[in-house]
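**Q** No letters, just coordinates:
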């Protein structure tokens, strides 16, 4: 099982540097559509998304996901601006640690 991040365009590069799969909502694909695809495929264990996106999930979809227990949904608040590479890795690492419960080493 893997981790998928749903985030804003300006944060995609930082998460990809950390080796995480990233998805961005668009005009054609809403957060709900993305989550439905993830649930249907069944290959993701954790979906972390921006708090603003979390609020857009329809209640019926949230209930369906919580009932299945997989994927685990985690609301995050990414910085609006990334400073240095080291700070980016540290921040992403702490988010992942909080989501899965243990420290992992991020590849550079």
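**A** Arrived safely, thanks for sending. Quantities reported herein were computed from a predicted structural model and do not represent experimental measurements.
**Q** Could you measure from residue 32 over to residue 68?
**A** Residue 32 sits 16 Å away from residue 68, going by Cβ to Cβ, to the nearest Å. For the C-beta atoms, the positions are set from N, CA and C on the backbone; glycine is no exception.
**Q** in the chain, which spans are helices?
**A** In the chain, the helices defined using DSSP state H lie at 12-17, 31-41, 51-54, 59-68, 85-100.
**Q** among the ones you listed, which is nearest residue 75?
**A** helix 51-54 (4.3 Å; Cβ to Cβ).
**Q** Return the set of buried residues in the closest one.
**A** Residues of helix 51-54 classed as buried by neighbour count (16 or more other Cβ atoms under 10 Å): 53, 54.
**Q** can you check stretch 42-59 too?
**A** For stretch 42-59, a neighbour-count test (16+ other Cβ under 10 Å) marks 44, 46, 47, 48, 49, 50, 53, 54, 57 as buried.
**Q** next one: stretch 22-42
**A** By neighbour count on 16+ other Cβ under 10 Å, the buried set for stretch 22-42 is 22, 23, 25, 31, 32, 34, 35, 38, 39.
**Q** Need the distance between the two termini of stretch 71-90.
**A** Start-to-end span of stretch 71-90 (Cα to Cα, to the nearest Å) is 24 Å.
**Q** related to what we said a few turns ago, determine which two of the buried residues of stretch 42-59 are furthest apart.
**A** For the buried residues of stretch 42-59, the farthest-apart pair by Cβ to Cβ is 44 and 50; their separation is 16.6 Å.
**Q** re the thing from before, would you format the buried residues of stretch 22-42 as TSV with distance to residue 94 and pLDDT included?
**A** What follows is the buried residues of stretch 22-42, written out as TSV (distance: Cβ to Cβ, whole Å; pLDDT from 0 to 100):
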residue	distance to residue 94	pLDDT
22	17	93
23	21	90
25	24	89
31	23	89
32	28	90
34	24	91
35	24	91
38	23	89
39	26	89
